[in-house]
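[1] here is the input, now give the coordinates:
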Amino acid sequence: MDLREIQAYAYFFFVVFLTLVLYGYIVHLYRSEKKGLRDYEKYGKIALDDEPGSPPVEEIKSDEKANDKKEQ
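    The predicted structure is shown next:
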């Protein structure tokens, strides 16, 4: 087995691995949006409304801040 053949196999498996990671990420996004954990359409508006004075995409509630501090 020469070096070029090893590179070809490595390239193939790397492309397959990255494809699986991409599809896994897409499934993760789809499931979290279906469960209501995040609304990713709101994040798409960041590109359209990017002024310094524009309102934030998500408001952090005071109880969420307290929970985040407890977890750390």
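
[2] so how far is the longest helix along the chain off the chain centroid?
    Scanning the chain for the helix with the most residues, using DSSP state H, yields helix 3-35. Relative to the chain's own centre, helix 3-35 is displaced by 14 Å; criterion: CA atoms, centre = their mean, to the nearest Å.

[3] quick one: average confidence on it?
    For helix 3-35, mean pLDDT is 95.

[4] now do the buried residues in it.
    Neighbour counts over helix 3-35 (16 or more other CB atoms under 10 Å) mark no residue as buried. (Each C-beta comes from the backbone N, C-alpha and C, glycine too.)

[5] residues contacting whichever helix or strand comes after it, please?
    Counting by DSSP states H and E, the element after helix 3-35 in chain order, helix or strand, is helix 40-44. Here helix 40-44 makes contact (CB atoms under 8 Å, 6 or more residues apart in numbering) with 29, 33, 57-58.

[6] go again with 6 Å.
    Contact partners of helix 40-44, identified using CB atoms under 6 Å, 6 or more residues apart in numbering, comprise 33, 57.

[7] ok now that helix, how far from the chain's centre?
    With CA atoms, centre = their mean, you get 12 Å for helix 40-44.

[8] cool, and stretch 51-65?
    19 Å.

[9] repeat that for stretch 50-58.
    The answer for stretch 50-58 is 20 Å, by CA atoms, centre = their mean.

[10] got the CA coordinates for it in PDB?
    Only the C-alpha atoms of stretch 50-58 are listed here, as PDB (Å, rounded to 0.1, in the frame of the first residue of the first chain):
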ATOM      1  CA  ASP A  50     -28.100  44.300  13.500                       C
ATOM      2  CA  GLU A  51     -28.200  47.900  14.800                       C
ATOM      3  CA  PRO A  52     -26.600  48.500  18.200                       C
ATOM      4  CA  GLY A  53     -29.900  49.700  19.600                       C
ATOM      5  CA  SER A  54     -32.000  46.800  18.400                       C
ATOM      6  CA  PRO A  55     -33.600  44.600  21.000                       C
ATOM      7  CA  PRO A  56     -31.900  41.300  22.000                       C
ATOM      8  CA  VAL A  57     -33.100  38.100  20.400                       C
ATOM      9  CA  GLU A  58     -33.900  36.400  23.700                       C
END
